[in-house]
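> pasting the structure only:
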């Protein structure tokens, strides 16, 4: 659409009207941001954004991320106005109500036009960095004809204040992600009041110092917005556009005030705003000529998509491109089978972090969708393989990212890569530092983003680094996140199986909690036993009186305990439980067979015991309910009672 303020102004006012009416009807929400950024969003959609509402998942569309997710009525308005199938006007009428896809914050699982779930400030922008990384990698692999798009972000002051913003923009700068453009809603307002209350930094100078291109515009001057967005789109660096706006623009009595940030305008102010804007249409009605202008923007993407489809049809690499878009379902098991068979033939005693590296060898060789990395712990997490060269501004075709000491930024970027499509990312850090990226891990689960977190040094077994680095509560706290698979494998075979299961779990994130210390190979047979989450590794020889249930490095200890019990005529099963979530998904009969009633059940895990009661009932829970200590690993296991010598007397005492 040509830049005609006489047409653009009513289009922007349609956003303002829908936003204030929906928030008013819900008596809940944030009208100020969508009203303030309506002009910028209108120019973005009219002049820059490549999209097709009829094909919301078209691979070469531009990605638009509303990082300031509290202003969700902005994106809901844009999706409706441009002609997406959803939300409908009835959905918008029911904003923030049960079963409406127009949730309080945008959710990618509710609406096809929402690229990622946002709301936790800063993460949308950081996720967009991952989308821009995915675009550059896939462009390097498949070429401009198939992959050539931009990532646009609308972010608020809160997004730029959050610590993750520093991590994200530093990563984007060093990778020279010039297809990434951030439109900053520079309205000088937070919930508490003016930004002067809490910040004095020069945001534009910070971005410029990091290596970004920075420009500014009057966020209510269509020509100036157009100039700034074009400048950003053309610059080879990632761009920040500081859009100086008035929060709640159009509301005659509340605009510019924090009172319009997170509360409805009120009936009187809604009426006054209608009068000030010259908006005469009833609530939730858009005049036909204005809606037609918006729908024309939605229609223009069809031609661009048709051109792309023609290029895809003629592309020699079409099959590879389309295969990459389908995920890894059905491929990982095949890729790992020969490797597991080799382990059965030639057992290996290695740390499970090393076992992970070994499994990644054939996986990265055979599955080009895998892209790995580490938060400055590559040599410890062992995430780089011979098949993965470094992903950098000099070589976007690389498949191993050096994220630097940016655990939170890494996790959010991996979410972005997964949501972009065409890639399955994995990244490593120490398990104890999962706390740094916990909310992004939670967002992986909430968004159904297939990300694999390689979290090594998983217990007191890491030894001398001491309690600051020894996870205690971490595995259990990660198990508390719905929709997250938490794997803690016991040996090299289970590690390979857990990798395959994580990669086969399309739309589900996973954690692999891996040991620093070497562990013996306990499995002498293949068969993907880990797929059931728990299985009987050793059956009782004498009459069964005890079932020991363990994970990871403690399975070896459970076996030693069982051997000591059997020597005294006490029959003991040993169950390895590498994944609670998969075990709990099995039918009741299987679970009852593995953990039968009427016998003493004993859990053994080098972490907190809270939660194990779910599986052992009133049995024994053996673990560590305090912080660790600095000492060699074997001394720590003895000190904390995680040895057969310490466990067996407790079992015998309970049995009486």
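Received the coordinates, thanks. In this text, all values refer to a predicted model and were calculated from it rather than measured experimentally.
> switch to C-alpha atoms for all contacts and neighbour counts from now on
Will do.
> identify, by residue count, the longest helix of the chain.
The longest helix of the chain (DSSP state H) is helix 288-314.
> any idea how far that helix is from the chain center?
Remark: helix 288-314 is offset 30 Å from the chain centroid, using C-alpha atoms, centre = their mean, to the nearest Å.
> contacts for whichever helix or strand comes after it?
Next in sequence after helix 288-314, counting helices and strands by DSSP states H and E, comes helix 318-324. With C-alpha atoms under 8 Å, 6 or more residues apart in numbering as the test, helix 318-324 has contacts from 142, 312, 368-369, 422-423.
> next, the buried residues of the next helix or strand after helix 318-324.
Downstream of helix 318-324, the next assigned helix or strand under DSSP H and E is helix 332-345. For helix 332-345, a neighbour-count test (16 or more other C-alpha atoms under 10 Å) marks 332-333, 335-337, 339-341, 343-344 as buried.
> likewise stretch 639-649?
In stretch 639-649, the ones that count as buried by 16+ other C-alpha under 10 Å are 640-644, 647-648.
> and which of the residues you listed is nearest residue 558?
residue 644 (7.2 Å; C-alpha to C-alpha).
> any idea what sits nearest the closest one, other than its immediate chain neighbours?
Nearest residue to residue 644, sequence neighbours excluded (C-alpha to C-alpha, 6 or more residues apart in numbering): residue 561, at 4.5 Å.
> what sits against that neighbour?
Going by C-alpha under 8 Å, 6+ apart, residue 561 touches 643-645, 647-648.
> coming back round to it: take the contacts of helix 318-324 and keep only those in strands.
Of these, none are assigned to strands by DSSP state E.
> save these as CSV, and put in neighbour count too.
Shown next, in CSV, are the contacts of helix 318-324 (neighbours: other C-alpha atoms under 10 Å):
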residue, neighbour count
142, 19
312, 17
368, 18
369, 21
422, 24
423, 26
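> just put those in a markdown table and tack on pLDDT.
Shown next, in a markdown table, are those (pLDDT from 0 to 100):
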| residue | pLDDT |
| --- | --- |
| 142 | 98 |
| 312 | 98 |
| 368 | 98 |
| 369 | 98 |
| 422 | 98 |
| 423 | 98 |
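> narrow the residues you listed to those in helices?
142, 312.
> okay if I get the contacts of helix 318-324 as JSON lines plus distance to residue 511?
Compiled in JSON lines, the contacts of helix 318-324 are given as follows (distance: C-alpha to C-alpha, whole Å):
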{"residue": "142", "distance to residue 511": "30"}
{"residue": "312", "distance to residue 511": "35"}
{"residue": "368", "distance to residue 511": "21"}
{"residue": "369", "distance to residue 511": "18"}
{"residue": "422", "distance to residue 511": "21"}
{"residue": "423", "distance to residue 511": "17"}
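> helix or strand right after the helix or strand where the residue nearest to residue 644 lies?
Residue 561 belongs to helix 554-567 when assigned by DSSP H and E. Next along the chain after helix 554-567, taking DSSP H and E as the criterion, comes strand 571-576.
> among the buried residues of helix 332-345, which one sits closest to residue 437?
residue 332 (26.4 Å).
> which residue comes closest to that closest one once chain neighbours are left out?
In space, residue 332 is closest to residue 500, 5.1 Å off (C-alpha to C-alpha, 6+ apart).
> do the same with residue 287
Per C-alpha to C-alpha, 6+ apart, closest to residue 287 is residue 281, 6.8 Å.
> can you tell me the helix or strand for the one you found?
Going by DSSP H and E, residue 281 is not in any helix or strand.
> one more: residue 391?
strand 390-391.
> centre of the chain to that strand, how far?
Centre to centre, stretch against its chain (C-alpha atoms, centre = their mean), the figure for strand 390-391 is 21 Å.
> how about stretch 564-579?
Taking C-alpha atoms, centre = their mean, one finds stretch 564-579 lying 38 Å from the centre of the chain it belongs to.
> ok, and what's touching stretch 184-203?
Counting by C-alpha under 8 Å, 6+ apart, 33, 36-37, 154-158, 160, 240-247, 256-259, 261-262 sit against stretch 184-203.
> residues of that stretch that come out buried?
Buried residues in stretch 184-203, counted by 16+ other C-alpha under 10 Å: 184-190, 195, 203.
> from the residues you listed, which single one is nearest residue 531?
Distances from residue 531 to the buried residues of stretch 184-203, taken by C-alpha to C-alpha, are shortest for residue 184, at 45.8 Å.
> so the closest one bridges to which residues?
On the basis of DSSP bridges, residue 184 is bridged to residue 155, residue 242.
> how close does it get to residue 22?
The spacing between residue 184 and residue 22, counted by C-alpha to C-alpha, to the nearest Å, is 24 Å.
> tell me which of the contacts of residue 561 fall in strands.
Per DSSP E, the subset of the contacts of residue 561 in strands is empty.
> could you dump those to TSV with pLDDT and distance to residue 449?
Output for the contacts of residue 561, formatted as TSV (pLDDT from 0 to 100; distance: C-alpha to C-alpha, whole Å):
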residue	pLDDT	distance to residue 449
643	98	39
644	98	40
645	98	43
647	98	40
648	98	43
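> which pair in those spans the largest distance?
Farthest pair in the contacts of residue 561, by C-alpha to C-alpha: 643 and 648, 8.6 Å.
> all strands of the stretch 51-200 of the chain, in order?
63-66, 151-155, 180-186, 189-190, 193-194 (DSSP state E, counting those that start in this stretch).
> greatest separation within the buried residues of stretch 184-203: which pair is it?
190 and 203 (15.1 Å).
> who touches stretch 28-38?
Residues contacting stretch 28-38 (C-alpha under 8 Å, 6+ apart): 12-13, 15-16, 19-20, 23, 70-74, 96, 104, 185, 187, 219, 245-250, 255, 260-265.
> what about that stretch, start to end distance?
Using C-alpha to C-alpha, the two ends of stretch 28-38 sit 19 Å apart.
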